[in-house]
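Participant: Sequence and predicted structure, then a few things I'm wondering about:
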Amino acid sequence: MKVTVDQVKCVAAGHCVMHADEVFDQRDDDGIVELLDPNPPAELADEVRQAAAVCPAMAIHVEE
């Protein structure tokens, strides 16, 4: 699994962090998504997929 984020699209809602805080974080100054692990382990795959699914800006992209 490969994960990418589009920080330009991100609206800083934080849903990604709520679903997969080992993979996503938010910048302190503006809340924009930060990708902690672009190749998360298989055991986090469901959480990452859910984070992408609930992103209101569709700023998270997952390649299987």
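Facilitator: Alright, I've got the coordinates. Numbers count the residues shown, from 1 in each chain.
Participant: Other residues contacting stretch 7-27?
Facilitator: For stretch 7-27, the external contacting residues (Cβ atoms under 8 Å, 6 or more residues apart in numbering) are 3, 5, 30-37, 40, 44, 47-48, 50-52, 54-60. (C-beta placed from N, C-alpha, C; glycine too.)
Participant: List only buried entries from those.
Facilitator: Taking 16 or more other Cβ atoms under 10 Å as the criterion, what is buried in the contacts of stretch 7-27 is 3, 5, 32-33, 40, 44, 47-48, 51-52, 55, 59-60.
Participant: Helix, strand, or coil at the nearest residue to P38 once chain neighbours are set aside?
Facilitator: Closest residue in space to P38, ignoring its immediate chain neighbours: V3 at 5.4 Å, by Cβ to Cβ, 6 or more residues apart in numbering. Under DSSP: H, G, I helix; E, B strand; the rest coil, V3 falls in the strand class.
Participant: doesn't N39 make contact with V3?
Facilitator: Yes - the pair V3 and N39 passes the contact test of Cβ atoms under 8 Å, sitting 7.4 Å apart.
Participant: quick one: low-confidence parts of this structure?
Facilitator: Within the chain, not a single segment meets pLDDT under 70.
Participant: Where do the strands of it begin and end?
Facilitator: For the chain, applying DSSP state E gives strands covering 2-5, 24-26, 33-35, 60-63.
Participant: Redo these as CSV? Include distance to V17.
Facilitator: Formatted as CSV, those follow (distance: least, Cβ to Cβ, whole Å):
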stretch, distance to V17
strand 2-5, 12
strand 24-26, 5
strand 33-35, 8
strand 60-63, 11
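Participant: ok, how many other residues are close to the spatially closest residue to D37 that is not a sequence neighbour?
Facilitator: Spatial nearest neighbour of D37, chain neighbours left out: V23 (4.9 Å); criterion: Cβ to Cβ, 6+ apart. Using other Cβ atoms under 10 Å, the number of residues around V23 comes to 23.
Participant: ok, V23 to H61 distance?
Facilitator: 13 Å (Cβ to Cβ, to the nearest Å).
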